[in-house]
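> Got a predicted model here, sequence first, then my questions.
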Amino acid sequence: MVTGGGRGIGRAVAAALSRAGATVTVMGRNEVPLTEAVASGEAASYFVADATDQRALGEGLQMAAAKHGTIDILVANSGGAESAPFAGTDPDMFRRLFELNTLSVVHAAHEVLGSMVVRGFGRIVAIASTAGLKGYGYVSAYCVSKHATVGLVRALAVETAKTGVTVNAVCPGYSDTDLVRDSIRRITTATGRSEPDVLAAMIKDVPLGRLIKPEEVAAAVMFLCSPAASAITGATLSVAGGEI
C-alpha cells in the first residue's frame with residue numbers, strides 16, 4: 001500500500017515495488033494519476049481518498065486487503081508543504097500540515113499495524129523529509145510536522161521491535177517532484193527571480209549539487225522493505241546528497 005502514490009516519490013515507490021513482485025495498491029486524492037499508475041503496470045489497483053480522512057482511508061485499506069490479501073508493506077507518502085515566515089504562519093497552517101504530514105501516517109499505521117503484529121511480519125516506511133532532521137527558514141509548520149513524523153516512527157519502532165514489524169523513515173532532501181517544482185514557480189512569481197536562480201538557492205547547501213530523483217528515494221524504501229533490513233527499525237535514512 002502506497003499513500004500519495006499517484007505521482008512523484010509515491011509513484012516511483014509503487015513502480016519499484018511492483019517490479020519486485022509486490023501487488024501494489026496506490027491511494028491519493030486525484031483519480032487521474034492513480035488510473036495512469038495502474039494502466040502503466042506500476043500498481044495493481046487504486047482507491048481515491050484523502051489521507052487526512054481516517055474513515056475514508058480505513059475503508060480504502062480494507063477494500064484493498066479484501067481484494068489482494070493482507071497488507072504486508074505500508075509506505076506512507078501522502079504529504080504537502082506550505083511556506084511563510086513564522087510571523088505570518090497562523091495556527092491553522094500548523095494544524096493543516098500536522099494533519100497532512102503526520103496524522104495521515106497515524107491513520108494508515110492504525111489500520112495495518114495490528115494485523116502485521118498478529119502475522120509477525122510487516123514493513124512500515126514513512127516518507128518524511130530532511131525537514132524532519134533539521135530546520136529550514138520560512139517553513140516552520142512543515143518542519144514541525146515532519147519532526148513529529150520522525151518521532152512517531154521512533155516511538156512505534158520501540159513498541160514493535162520484537163514483533164517482526166519494522167518502522168522506519170526515509171528523509172529526502174529537495175527532490176525533483178511536482179511539489180518542489182510548484183514551490184519554485186511560486187517563489188519565481190513572488191520574487192521575480194528566474195527559476196534557475198531559485199533552484200540554485202535551494203540546492204546551495206547540497207554537496208551533490210542537484211535535486212534528488214524520486215527513483216533514488218524509492219531505492220532506499222526498497223532496501224528498508226527487504227529481508228536484508230530486518231534488523232533496522234526506528235531509523236531515519238536520509239537521501240539528500242550529503243546535506244545531512
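Received the coordinates, thanks. Numbering: from 1, shown residues only.

> what's across from V139 in the sheet?
Assessed by DSSP bridges, V139 has beta-bridge partners A84.

> wait, E111 sits on E59?
No. E111 lies out of contact with E59 (C-beta atoms under 8 Å); the separation is 9.5 Å. From N, CA and C alone the C-beta is placed, and that goes for glycine too.

> Those two: which has the busier surroundings?
Taking other C-beta atoms under 10 Å, E111 and E59 do not tie; E111 has more neighbours (21 against 14).

> Quick check: that one vs D90, distance?
Counting by C-beta to C-beta, to the nearest Å, the gap from E111 to D90 is 31 Å.

> give me the element V170 is part of.
If you go by DSSP states H and E, V170 is part of strand 165-172.

> Residue ranges of each domain in the chain, please.
Per automatic domain parsing, the structural domains of the chain span 2-174+212-239, 177-211.

> how about the nearest residue to L61, chain neighbours excluded?
E111 (4.6 Å; C-beta to C-beta, 6 or more residues apart in numbering).

> How many residues are close by G241?
Counted with other C-beta under 10 Å, G241 comes out at 20.

> just T188 next, same as before
Neighbour tally, T188, other C-beta under 10 Å: 16.

> Next, it: secondary structure please.
Put simply, T188 is helix when judged by DSSP: H, G, I helix; E, B strand; the rest coil.

> separation between it and R181?
Where R181 is concerned, T188 sits at a distance of 11 Å (C-beta to C-beta).

> Check L208 too.
L208 is 18 Å from R181, by C-beta to C-beta.

> ok, the two, which is more surrounded?
R181 (15 against 12).

> coming back round to it: need the winner for burial among the domains of the chain.
Among these, ranked by average contacts under mean count of other C-beta atoms under 10 Å, first place goes to domain 2-174+212-239 (a mean of 19).

> Distance from the chain centre to it, please.
4 Å (C-alpha atoms, centre = their mean, to the nearest Å).

> average pLDDT across that domain?
The average of the pLDDT scores along domain 2-174+212-239 is 96.

> Span of that domain from start to end?
19 Å (C-alpha to C-alpha, to the nearest Å).

> distance of P207 from A240?
9 Å.

> Also E59?
In terms of C-beta to C-beta, E59 sits 35 Å off from A240.

> and what of M1?
Taken as C-beta to C-beta, the span from M1 to A240 is 25 Å.

> F47 reaches G60, doesn't it?
Yes. F47 is within contact range of G60, at 3.9 Å (criterion: C-beta under 8 Å).

> Now list whatever residues contact both of the two.
Listed contacts common to F47 and G60 are M27; contacts here mean C-beta atoms under 8 Å, 6 or more residues apart in numbering.

> re the thing from before, show me what the strand holding V170 pairs with in its sheet, parallel or antiparallel.
strand 122-127 (parallel), strand 236-239 (parallel).

> residue boundaries of the helices in the protein?
For the chain, applying DSSP state H gives helices covering 8-19, 31-39, 54-68, 91-98, 104-119, 140-160, 178-191, 195-202, 214-225.

> want to throw those helices into TSV with distance to A235?
Formatted as TSV, the helices of the chain follow (distance: least, C-beta to C-beta, whole Å):
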stretch	distance to A235
helix 8-19	17
helix 31-39	28
helix 54-68	24
helix 91-98	23
helix 104-119	16
helix 140-160	8
helix 178-191	24
helix 195-202	26
helix 214-225	8
